[in-house]
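In: Next comes the sequence, and after it the predicted model I'd like to discuss.
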Amino acid sequence: MKSEFAFIALPVSALIAPSAFAVRYLTVDQAQQAIFPGKSFTAAPVKLTSVQRKAIEQASGVRVLHDEQQVWRVSGGGWFIVDEVVGKHEFITYAAGLNLDGSVKQIEIMDYRETYGGQIRDQKWRAQFVGKTSKSTLKLDSDVKNISGATLSCRHITDGVKRLLAVYEIALRH
Amino acid sequence: MRSHSGIEIRRCRPLLGTLVEIACQGSPRDIDCAFTAMEKVQRLMSFHDPTSDVARMNCHASRRPVKVHPWTWRVLKSAQEFSRKSDGVFDITMARQLVKWDYLPRPDTRLCSGGSWRDIVLDDEYNVRFRRRLIVDLGGIAKGFAVDRAVAALKNNSVTAGIVNAGGDLRTFGSASEVVYVRHPAEPTRIAGAVRLRERAMATSGVYFERRKYRGKYVGPILDGHTGQSACELISVTVAAAECMIADALTKLVFTLRGKAAGLLAQYRADALLLERNGTPSWMFHSPCDTRDQTRFD
(Lines give C-alpha, C1' and ligand atoms only; values in the text may rest on other atoms or scores of the structure.)
Protein backbone atom coordinates (compact mmCIF):
# COMPACT_ATOMS: atom_id res chain seq x y z
CA MET A 1 0.00 0.00 0.00
CA LYS A 2 1.46 3.29 -1.10
CA SER A 3 1.98 5.94 1.52
CA GLU A 4 -0.07 9.05 1.38
CA PHE A 5 0.18 12.47 2.97
CA ALA A 6 -2.18 14.83 1.28
CA PHE A 7 -3.70 18.15 1.99
CA ILE A 8 -7.45 18.39 2.16
CA ALA A 9 -9.41 21.54 1.68
CA LEU A 10 -12.18 22.09 4.12
CA PRO A 11 -15.49 23.54 3.06
CA VAL A 12 -16.00 26.99 4.48
CA SER A 13 -18.72 25.83 6.79
CA ALA A 14 -16.34 23.37 8.37
CA LEU A 15 -13.55 25.69 9.30
CA ILE A 16 -14.74 26.34 12.75
CA ALA A 17 -13.73 23.92 15.37
CA PRO A 18 -16.46 21.40 15.66
CA SER A 19 -18.61 22.83 18.37
CA ALA A 20 -18.38 19.47 19.99
CA PHE A 21 -15.79 16.87 19.20
CA ALA A 22 -17.02 13.74 20.84
CA VAL A 23 -16.07 10.11 20.80
CA ARG A 24 -17.81 7.31 22.58
CA TYR A 25 -15.40 4.48 23.15
CA LEU A 26 -17.24 2.22 25.51
CA THR A 27 -20.59 1.78 27.19
CA VAL A 28 -20.64 0.76 30.86
CA ASP A 29 -21.08 -2.90 29.93
CA GLN A 30 -18.29 -2.79 27.39
CA ALA A 31 -15.96 -1.04 29.81
CA GLN A 32 -16.68 -3.68 32.45
CA GLN A 33 -15.79 -6.46 30.05
CA ALA A 34 -12.75 -4.56 28.79
CA ILE A 35 -11.27 -4.29 32.28
CA PHE A 36 -12.61 -7.44 33.93
CA PRO A 37 -13.32 -9.93 31.11
CA GLY A 38 -15.80 -12.66 32.00
CA LYS A 39 -16.61 -11.31 35.46
CA SER A 40 -20.00 -10.36 36.82
CA PHE A 41 -20.81 -7.04 38.42
CA THR A 42 -23.03 -6.00 41.30
CA ALA A 43 -23.96 -2.35 41.53
CA ALA A 44 -22.80 -0.87 44.83
CA PRO A 45 -23.24 2.88 44.45
CA VAL A 46 -21.60 4.98 47.11
CA LYS A 47 -23.10 8.09 48.61
CA LEU A 48 -20.41 10.07 50.31
CA THR A 49 -21.12 11.80 53.58
CA SER A 50 -19.74 15.28 54.05
CA VAL A 51 -17.13 13.86 56.42
CA GLN A 52 -16.00 11.31 53.85
CA ARG A 53 -15.97 13.96 51.18
CA LYS A 54 -13.66 16.15 53.21
CA ALA A 55 -11.42 13.22 54.03
CA ILE A 56 -11.18 12.30 50.34
CA GLU A 57 -10.34 15.85 49.38
CA GLN A 58 -7.70 15.99 52.04
CA ALA A 59 -6.14 12.66 51.15
CA SER A 60 -6.09 13.26 47.40
CA GLY A 61 -5.74 17.01 47.15
CA VAL A 62 -8.50 16.92 44.55
CA ARG A 63 -11.94 18.47 44.87
CA VAL A 64 -14.92 16.15 45.03
CA LEU A 65 -17.68 17.43 42.78
CA HIS A 66 -20.27 14.71 43.24
CA ASP A 67 -21.47 12.97 46.36
CA GLU A 68 -22.55 9.94 44.40
CA GLN A 69 -20.02 7.55 43.01
CA GLN A 70 -20.99 4.84 40.52
CA VAL A 71 -19.36 1.72 41.87
CA TRP A 72 -19.70 -1.97 41.06
CA ARG A 73 -18.38 -4.92 43.03
CA VAL A 74 -16.62 -7.40 40.77
CA SER A 75 -17.08 -11.14 41.19
CA GLY A 76 -13.91 -12.68 42.51
CA GLY A 77 -12.78 -9.38 44.02
CA GLY A 78 -12.13 -5.88 42.87
CA TRP A 79 -14.07 -2.74 42.05
CA PHE A 80 -15.29 -1.10 38.90
CA ILE A 81 -15.92 2.65 39.07
CA VAL A 82 -17.31 5.04 36.49
CA ASP A 83 -16.21 8.61 36.99
CA GLU A 84 -16.10 11.95 35.22
CA VAL A 85 -13.57 14.72 34.97
CA VAL A 86 -14.11 18.17 33.57
CA GLY A 87 -11.40 20.40 32.18
CA LYS A 88 -11.49 23.82 30.59
CA HIS A 89 -12.71 22.45 27.28
CA GLU A 90 -12.99 18.75 27.80
CA PHE A 91 -15.38 16.47 29.52
CA ILE A 92 -14.27 12.91 30.03
CA THR A 93 -16.11 9.88 31.35
CA TYR A 94 -13.82 7.03 32.24
CA ALA A 95 -13.85 3.71 33.99
CA ALA A 96 -11.35 2.58 36.56
CA GLY A 97 -10.85 -1.01 37.58
CA LEU A 98 -9.35 -1.51 41.02
CA ASN A 99 -7.88 -4.77 42.24
CA LEU A 100 -8.96 -6.17 45.58
CA ASP A 101 -5.99 -4.50 47.28
CA GLY A 102 -6.98 -1.12 45.88
CA SER A 103 -4.29 -0.91 43.21
CA VAL A 104 -5.28 0.30 39.75
CA LYS A 105 -5.85 -2.53 37.31
CA GLN A 106 -6.80 -0.54 34.25
CA ILE A 107 -8.24 2.76 33.13
CA GLU A 108 -10.42 3.04 30.04
CA ILE A 109 -11.82 6.23 28.57
CA MET A 110 -15.55 5.79 27.90
CA ASP A 111 -16.52 9.18 26.49
CA TYR A 112 -14.38 12.07 25.40
CA ARG A 113 -15.89 15.41 24.55
CA GLU A 114 -14.29 18.69 23.71
CA THR A 115 -16.59 21.66 23.56
CA TYR A 116 -15.97 25.21 22.58
CA GLY A 117 -17.87 28.12 21.21
CA GLY A 118 -15.54 28.37 18.21
CA GLN A 119 -16.33 30.82 15.46
CA ILE A 120 -14.87 31.73 12.16
CA ARG A 121 -13.19 35.03 12.66
CA ASP A 122 -10.46 35.27 10.11
CA GLN A 123 -12.23 35.54 6.78
CA LYS A 124 -9.07 35.89 4.76
CA TRP A 125 -7.44 32.88 6.27
CA ARG A 126 -10.57 30.91 5.72
CA ALA A 127 -10.80 31.94 2.10
CA GLN A 128 -7.51 30.31 1.21
CA PHE A 129 -8.94 26.90 1.73
CA VAL A 130 -11.88 27.38 -0.57
CA GLY A 131 -11.59 25.73 -3.93
CA LYS A 132 -8.14 24.34 -3.38
CA THR A 133 -6.82 21.51 -5.41
CA SER A 134 -7.44 18.58 -3.14
CA LYS A 135 -9.48 15.65 -4.20
CA SER A 136 -12.02 15.65 -1.49
CA THR A 137 -13.68 17.81 1.02
CA LEU A 138 -15.15 16.70 4.25
CA LYS A 139 -18.06 16.98 6.49
CA LEU A 140 -16.74 17.94 9.84
CA ASP A 141 -19.75 17.28 11.96
CA SER A 142 -19.57 13.53 11.81
CA ASP A 143 -16.10 12.89 10.49
CA VAL A 144 -13.68 14.26 13.02
CA LYS A 145 -12.05 11.22 14.48
CA ASN A 146 -8.41 12.11 14.51
CA ILE A 147 -6.98 15.38 15.60
CA SER A 148 -3.25 15.71 15.61
CA GLY A 149 -2.43 17.30 18.91
CA ALA A 150 -5.93 16.45 20.00
CA THR A 151 -5.65 16.12 23.69
CA LEU A 152 -5.19 18.94 26.09
CA SER A 153 -3.59 16.71 28.67
CA CYS A 154 -4.51 13.78 30.80
CA ARG A 155 -3.81 15.65 34.00
CA HIS A 156 -7.49 15.76 34.93
CA ILE A 157 -7.69 12.00 34.66
CA THR A 158 -4.58 11.59 36.77
CA ASP A 159 -6.25 13.77 39.40
CA GLY A 160 -9.48 11.84 39.02
CA VAL A 161 -7.74 8.55 39.63
CA LYS A 162 -6.01 9.99 42.70
CA ARG A 163 -9.43 10.95 44.00
CA LEU A 164 -10.83 7.46 43.28
CA LEU A 165 -7.99 5.84 45.19
CA ALA A 166 -8.95 8.01 48.15
CA VAL A 167 -12.59 6.99 47.68
CA TYR A 168 -11.41 3.39 47.89
CA GLU A 169 -9.46 4.00 51.08
CA ILE A 170 -12.22 5.93 52.77
CA ALA A 171 -15.48 4.48 51.48
CA LEU A 172 -14.91 1.07 49.86
CA ARG A 173 -12.14 -0.75 51.58
CA HIS A 174 -13.84 -1.59 54.86
CA MET B 1 -18.26 0.08 15.12
CA ARG B 2 -17.47 -0.53 11.47
CA SER B 3 -16.71 2.55 9.44
CA HIS B 4 -15.67 3.17 5.86
CA SER B 5 -12.05 2.60 6.75
CA GLY B 6 -12.68 -0.86 8.16
CA ILE B 7 -11.94 0.17 11.72
CA GLU B 8 -13.76 -2.19 14.02
CA ILE B 9 -12.68 -1.24 17.45
CA ARG B 10 -11.53 1.97 19.10
CA ARG B 11 -10.10 2.33 22.59
CA CYS B 12 -8.55 5.15 24.56
CA ARG B 13 -6.40 5.21 27.69
CA PRO B 14 -4.37 7.80 29.57
CA LEU B 15 -0.69 7.09 28.89
CA LEU B 16 2.54 9.00 28.31
CA GLY B 17 1.02 12.15 29.70
CA THR B 18 -1.70 12.24 27.10
CA LEU B 19 -4.69 10.29 25.91
CA VAL B 20 -3.73 7.48 23.60
CA GLU B 21 -6.28 6.24 21.12
CA ILE B 22 -5.93 3.00 19.22
CA ALA B 23 -8.36 1.97 16.52
CA CYS B 24 -7.94 -1.11 14.39
CA GLN B 25 -9.40 -3.94 12.45
CA GLY B 26 -8.85 -6.38 15.26
CA SER B 27 -9.94 -7.58 18.66
CA PRO B 28 -9.73 -6.08 22.17
CA ARG B 29 -6.86 -8.48 22.78
CA ASP B 30 -4.86 -6.96 19.96
CA ILE B 31 -5.43 -3.51 21.36
CA ASP B 32 -4.39 -4.71 24.82
CA CYS B 33 -1.08 -5.90 23.38
CA ALA B 34 -0.51 -2.52 21.76
CA PHE B 35 -1.27 -0.64 24.97
CA THR B 36 0.99 -2.98 26.89
CA ALA B 37 3.88 -2.13 24.56
CA MET B 38 3.27 1.57 25.10
CA GLU B 39 3.09 1.12 28.86
CA LYS B 40 6.46 -0.54 28.67
CA VAL B 41 7.91 2.45 26.82
CA GLN B 42 6.44 4.70 29.49
CA ARG B 43 7.94 2.59 32.24
CA LEU B 44 11.37 2.62 30.61
CA MET B 45 11.55 6.20 29.47
CA SER B 46 9.54 8.25 31.94
CA PHE B 47 11.46 11.18 33.37
CA HIS B 48 9.27 11.09 36.47
CA ASP B 49 9.34 7.43 37.44
CA PRO B 50 12.45 6.87 39.60
CA THR B 51 12.78 3.27 38.42
CA SER B 52 12.84 4.10 34.70
CA ASP B 53 15.96 3.76 32.59
CA VAL B 54 15.95 7.52 32.11
CA ALA B 55 15.84 8.22 35.85
CA ARG B 56 18.56 5.64 36.51
CA MET B 57 20.79 7.18 33.86
CA ASN B 58 20.19 10.66 35.20
CA CYS B 59 21.05 9.49 38.65
CA HIS B 60 24.11 7.34 38.00
CA ALA B 61 25.45 7.54 34.44
CA SER B 62 27.84 10.38 35.20
CA ARG B 63 29.62 8.11 37.69
CA ARG B 64 29.30 4.64 36.23
CA PRO B 65 27.87 2.89 33.18
CA VAL B 66 24.15 2.18 33.39
CA LYS B 67 22.71 -0.77 31.54
CA VAL B 68 19.45 0.04 29.80
CA HIS B 69 16.77 -1.90 27.97
CA PRO B 70 17.41 -2.39 24.22
CA TRP B 71 14.41 -0.15 23.47
CA THR B 72 15.84 2.71 25.52
CA TRP B 73 19.18 2.14 23.86
CA ARG B 74 17.56 2.36 20.42
CA VAL B 75 15.86 5.63 21.27
CA LEU B 76 19.15 7.02 22.62
CA LYS B 77 20.93 5.93 19.45
CA SER B 78 18.34 7.67 17.32
CA ALA B 79 18.52 10.78 19.48
CA GLN B 80 22.29 10.86 18.96
CA GLU B 81 21.78 10.54 15.24
CA PHE B 82 19.32 13.45 15.21
CA SER B 83 21.78 15.51 17.24
CA ARG B 84 24.60 14.73 14.85
CA LYS B 85 22.58 15.45 11.75
CA SER B 86 21.18 18.69 13.15
CA ASP B 87 24.56 19.71 14.54
CA GLY B 88 23.20 19.77 18.07
CA VAL B 89 19.92 21.59 17.56
CA PHE B 90 18.20 18.42 18.69
CA ASP B 91 19.72 17.65 22.09
CA ILE B 92 18.20 15.47 24.79
CA THR B 93 20.51 17.00 27.42
CA MET B 94 18.54 20.24 27.21
CA ALA B 95 16.43 18.63 29.92
CA ARG B 96 18.24 20.80 32.47
CA GLN B 97 16.62 23.86 30.91
CA LEU B 98 13.21 22.20 31.06
CA VAL B 99 13.80 21.54 34.75
CA LYS B 100 14.68 25.20 35.27
CA TRP B 101 11.45 26.24 33.58
CA ASP B 102 9.45 23.74 35.58
CA TYR B 103 8.40 21.58 32.67
CA LEU B 104 10.17 18.72 34.36
CA PRO B 105 10.54 17.98 38.06
CA ARG B 106 13.91 18.56 39.65
CA PRO B 107 15.87 15.32 39.81
CA ASP B 108 17.95 14.33 42.81
CA THR B 109 21.26 14.84 41.09
CA ARG B 110 23.13 18.08 41.21
CA LEU B 111 23.10 19.65 37.77
CA CYS B 112 26.00 21.32 36.07
CA SER B 113 25.54 23.93 33.44
CA GLY B 114 27.66 22.50 30.66
CA GLY B 115 27.42 19.27 28.77
CA SER B 116 25.69 18.27 25.59
CA TRP B 117 24.70 15.23 23.56
CA ARG B 118 28.40 14.76 22.76
CA ASP B 119 28.97 13.76 26.38
CA ILE B 120 26.69 10.73 26.10
CA VAL B 121 28.58 7.51 25.41
CA LEU B 122 26.74 4.40 24.24
CA ASP B 123 28.47 1.07 23.90
CA ASP B 124 27.19 -1.98 22.07
CA GLU B 125 26.26 -3.80 25.27
CA TYR B 126 23.45 -1.37 26.05
CA ASN B 127 25.56 0.57 28.53
CA VAL B 128 25.20 4.31 28.84
CA ARG B 129 27.76 6.62 30.34
CA PHE B 130 27.77 10.41 30.69
CA ARG B 131 31.14 12.16 30.53
CA ARG B 132 29.75 15.02 32.56
CA ARG B 133 27.07 15.57 35.14
CA LEU B 134 24.00 15.93 32.98
CA ILE B 135 20.44 14.78 32.63
CA VAL B 136 18.52 13.61 29.62
CA ASP B 137 14.85 13.66 28.76
CA LEU B 138 13.46 11.52 25.96
CA GLY B 139 10.14 13.39 25.89
CA GLY B 140 10.92 14.64 22.40
CA ILE B 141 10.92 11.21 20.78
CA ALA B 142 9.79 8.52 23.21
CA LYS B 143 6.14 9.16 22.47
CA GLY B 144 6.75 8.61 18.78
CA PHE B 145 8.73 5.49 19.57
CA ALA B 146 5.83 4.23 21.72
CA VAL B 147 3.46 4.72 18.80
CA ASP B 148 5.82 2.71 16.59
CA ARG B 149 5.94 -0.08 19.19
CA ALA B 150 2.13 -0.14 19.38
CA VAL B 151 1.90 -0.45 15.61
CA ALA B 152 4.50 -3.22 15.68
CA ALA B 153 2.46 -5.06 18.33
CA LEU B 154 -0.70 -4.81 16.25
CA LYS B 155 1.08 -6.03 13.11
CA ASN B 156 2.64 -8.81 15.11
CA ASN B 157 -0.89 -9.93 16.00
CA SER B 158 -1.73 -9.98 12.27
CA VAL B 159 -3.93 -6.91 12.51
CA THR B 160 -4.20 -5.63 8.95
CA ALA B 161 -5.16 -2.00 9.47
CA GLY B 162 -5.19 0.52 12.25
CA ILE B 163 -4.27 3.87 13.68
CA VAL B 164 -2.49 4.78 16.90
CA ASN B 165 -2.79 8.36 18.09
CA ALA B 166 -0.89 9.56 21.15
CA GLY B 167 -2.11 13.13 21.41
CA GLY B 168 -0.50 14.38 18.26
CA ASP B 169 1.91 11.61 17.45
CA LEU B 170 0.14 9.14 15.27
CA ARG B 171 0.65 6.42 12.74
CA THR B 172 -1.63 4.62 10.35
CA PHE B 173 -1.04 1.32 8.65
CA GLY B 174 -2.91 -0.98 6.33
CA SER B 175 -5.56 -0.13 3.83
CA ALA B 176 -7.22 2.53 5.87
CA SER B 177 -6.59 6.06 4.81
CA GLU B 178 -7.30 8.36 7.70
CA VAL B 179 -8.14 12.02 7.81
CA VAL B 180 -6.28 13.88 10.50
CA TYR B 181 -7.16 17.40 11.53
CA VAL B 182 -4.60 19.92 12.64
CA ARG B 183 -5.35 22.53 15.23
CA HIS B 184 -5.06 26.22 14.54
CA PRO B 185 -1.77 27.30 16.13
CA ALA B 186 -3.07 30.46 17.72
CA GLU B 187 -6.54 29.17 18.48
CA PRO B 188 -6.12 25.52 19.26
CA THR B 189 -9.79 25.01 19.86
CA ARG B 190 -10.28 25.50 16.13
CA ILE B 191 -9.23 23.24 13.33
CA ALA B 192 -6.97 24.81 10.75
CA GLY B 193 -6.80 22.15 8.11
CA ALA B 194 -6.70 18.48 7.43
CA VAL B 195 -4.43 15.95 5.86
CA ARG B 196 -5.13 12.53 4.52
CA LEU B 197 -2.71 9.93 5.74
CA ARG B 198 -2.11 6.35 4.77
CA GLU B 199 0.66 3.93 5.71
CA ARG B 200 2.52 6.74 7.36
CA ALA B 201 3.35 8.33 10.68
CA MET B 202 2.78 11.92 11.57
CA ALA B 203 3.52 14.18 14.50
CA THR B 204 2.40 17.68 15.34
CA SER B 205 4.16 20.10 17.63
CA GLY B 206 2.68 23.34 18.76
CA VAL B 207 3.19 25.21 21.96
CA TYR B 208 -0.39 26.40 22.27
CA PHE B 209 -1.20 24.44 25.38
CA GLU B 210 2.30 24.50 26.82
CA ARG B 211 3.71 27.97 26.56
CA ARG B 212 4.35 29.68 29.88
CA LYS B 213 6.03 32.69 31.34
CA TYR B 214 9.44 32.61 32.95
CA ARG B 215 10.84 35.87 34.29
CA GLY B 216 8.43 37.87 32.17
CA LYS B 217 9.21 36.08 28.92
CA TYR B 218 7.38 33.32 27.15
CA VAL B 219 9.14 29.99 27.06
CA GLY B 220 8.12 26.70 25.53
CA PRO B 221 9.22 23.10 25.83
CA ILE B 222 10.92 22.97 22.42
CA LEU B 223 14.53 24.03 22.73
CA ASP B 224 17.32 24.80 20.33
CA GLY B 225 20.31 22.85 21.62
CA HIS B 226 22.60 25.36 19.98
CA THR B 227 21.35 28.48 21.67
CA GLY B 228 19.46 27.10 24.65
CA GLN B 229 16.56 29.29 23.58
CA SER B 230 13.05 27.99 23.26
CA ALA B 231 10.90 28.39 20.21
CA CYS B 232 7.60 29.65 21.50
CA GLU B 233 5.98 31.27 18.54
CA LEU B 234 2.40 30.27 18.07
CA ILE B 235 3.01 28.17 15.02
CA SER B 236 2.40 24.49 14.53
CA VAL B 237 4.53 21.99 12.71
CA THR B 238 3.30 18.69 11.35
CA VAL B 239 5.74 16.19 9.92
CA ALA B 240 4.91 12.97 8.12
CA ALA B 241 7.52 10.23 7.93
CA ALA B 242 7.76 6.47 7.71
CA GLU B 243 8.16 6.11 11.47
CA CYS B 244 6.56 8.09 14.24
CA MET B 245 9.77 8.53 16.21
CA ILE B 246 11.33 10.20 13.18
CA ALA B 247 8.29 12.40 12.64
CA ASP B 248 8.33 13.30 16.33
CA ALA B 249 11.97 14.41 16.32
CA LEU B 250 11.67 16.22 13.00
CA THR B 251 8.74 18.36 14.18
CA LYS B 252 10.99 19.79 16.87
CA LEU B 253 13.70 20.49 14.33
CA VAL B 254 11.36 22.16 11.85
CA PHE B 255 9.89 24.15 14.70
CA THR B 256 13.30 25.58 15.47
CA LEU B 257 14.94 25.63 12.06
CA ARG B 258 11.95 26.19 9.79
CA GLY B 259 13.11 26.27 6.15
CA LYS B 260 16.64 25.32 7.16
CA ALA B 261 15.34 21.89 8.13
CA ALA B 262 14.68 21.01 4.49
CA GLY B 263 17.91 19.02 4.19
CA LEU B 264 17.01 16.92 7.22
CA LEU B 265 13.52 16.29 5.92
CA ALA B 266 15.03 15.15 2.64
CA GLN B 267 17.39 12.75 4.39
CA TYR B 268 14.49 11.10 6.18
CA ARG B 269 12.18 11.38 3.16
CA ALA B 270 9.72 13.30 5.26
CA ASP B 271 7.18 16.02 4.56
CA ALA B 272 6.34 19.00 6.70
CA LEU B 273 3.36 21.26 7.02
CA LEU B 274 3.98 24.47 8.91
CA LEU B 275 1.09 26.65 10.01
CA GLU B 276 1.88 30.24 10.81
CA ARG B 277 0.26 32.07 13.63
CA ASN B 278 -2.58 33.22 11.38
CA GLY B 279 -3.05 29.71 10.02
CA THR B 280 -1.23 30.23 6.71
CA PRO B 281 0.17 26.88 5.62
CA SER B 282 3.55 26.27 4.05
CA TRP B 283 4.83 22.89 2.94
CA MET B 284 8.07 21.09 2.45
CA PHE B 285 7.84 17.86 0.48
CA HIS B 286 10.62 15.33 0.40
CA SER B 287 8.91 11.98 0.29
CA PRO B 288 7.76 9.75 -2.53
CA CYS B 289 4.21 10.02 -1.23
CA ASP B 290 1.14 9.49 -3.26
CA THR B 291 -1.00 12.55 -3.53
CA ARG B 292 -0.58 15.98 -2.19
CA ASP B 293 -1.76 19.49 -2.42
CA GLN B 294 -0.66 21.26 -5.58
CA THR B 295 0.03 24.53 -3.88
CA ARG B 296 3.60 24.55 -2.75
CA PHE B 297 5.00 27.26 -0.61
CA ASP B 298 8.55 26.16 -0.07
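Out: Cool, got the structure.
In: Now do the strands for the stretch 101-250 of chain B: every range, in order, please.
Out: Assigned by DSSP state E, counting those that start in this stretch, the strands in the stretch 101-250 of chain B fall at B:120-122, B:127-130, B:162-166, B:169-173, B:178-183, B:191-198, B:200-206, B:212-214, B:217-219, B:236-241.
In: Output those as TSV; include the columns distance to A:Leu165 and mean pLDDT.
Out: C-betas here are computed from N, CA, C, even on glycine. TSV is the format used below for the strands of the stretch 101-250 of chain B (distance: least, Cβ to Cβ, whole Å; pLDDT from 0 to 100):
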stretch	distance to A:Leu165	mean pLDDT
strand B:120-122	37	95
strand B:127-130	34	95
strand B:162-166	25	92
strand B:169-173	29	92
strand B:178-183	33	79
strand B:191-198	36	79
strand B:200-206	33	87
strand B:212-214	29	70
strand B:217-219	33	69
strand B:236-241	36	90
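In: quick one, helices of chain A?
Out: For chain A, the helices defined by DSSP state H cover A:28-35, A:50-60, A:123-127, A:140-143, A:155-167.
In: Figure out which of these is closest to B:Leu197.
Out: Evaluated over the helices of chain A, closeness to B:Leu197 peaks at helix A:140-143, with 14.0 Å, by Cβ to Cβ.
In: Okay, now the unreliable bits of chain A?
Out: Within chain A, the stretches with pLDDT under 70 are A:1, A:7-21, A:88, A:115-153.
In: need the longest strand for it.
Out: Longest strand of chain A, by residue count under DSSP state E: strand A:104-115.
In: So the longest helix anywhere in chain B, near chain A or not?
Out: Selection of the longest helix in chain B by residue count, based on DSSP H, yields helix B:28-45. Yes. Helix B:28-45 is in contact with chain A by Cβ under 8 Å from any Cβ of the partner chain, via B:Pro28.
In: just checking, what packs against that helix?
Out: strand B:9-15, strand B:18-24, helix B:53-60, helix B:70-85, helix B:142-156 (3 or more Cβ pairs under 8 Å, 6 or more residues apart in numbering or on different chains; DSSP states H and E).
In: In JSON lines: these, plus mean pLDDT and distance to B:Asp102.
Out: Formatted as JSON lines, the helices and strands packed on helix B:28-45 follow (pLDDT from 0 to 100; distance: least, Cβ to Cβ, whole Å):
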{"stretch": "strand B:9-15", "mean pLDDT": "91", "distance to B:Asp102": "22"}
{"stretch": "strand B:18-24", "mean pLDDT": "90", "distance to B:Asp102": "19"}
{"stretch": "helix B:53-60", "mean pLDDT": "93", "distance to B:Asp102": "17"}
{"stretch": "helix B:70-85", "mean pLDDT": "96", "distance to B:Asp102": "23"}
{"stretch": "helix B:142-156", "mean pLDDT": "97", "distance to B:Asp102": "20"}
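In: mind putting the ones you listed in JSON lines, mean neighbour count included?
Out: Listed next are the helices and strands packed on helix B:28-45 as JSON lines, based on neighbours: other Cβ atoms under 10 Å in any protein chain shown:
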{"stretch": "strand B:9-15", "mean neighbour count": "21"}
{"stretch": "strand B:18-24", "mean neighbour count": "26"}
{"stretch": "helix B:53-60", "mean neighbour count": "21"}
{"stretch": "helix B:70-85", "mean neighbour count": "19"}
{"stretch": "helix B:142-156", "mean neighbour count": "24"}
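In: wait, which of the ones you listed is closest to B:Glu39?
Out: For those, distance to B:Glu39 was read as Cβ to Cβ. The smallest value, 6.5 Å, belongs to strand B:9-15.
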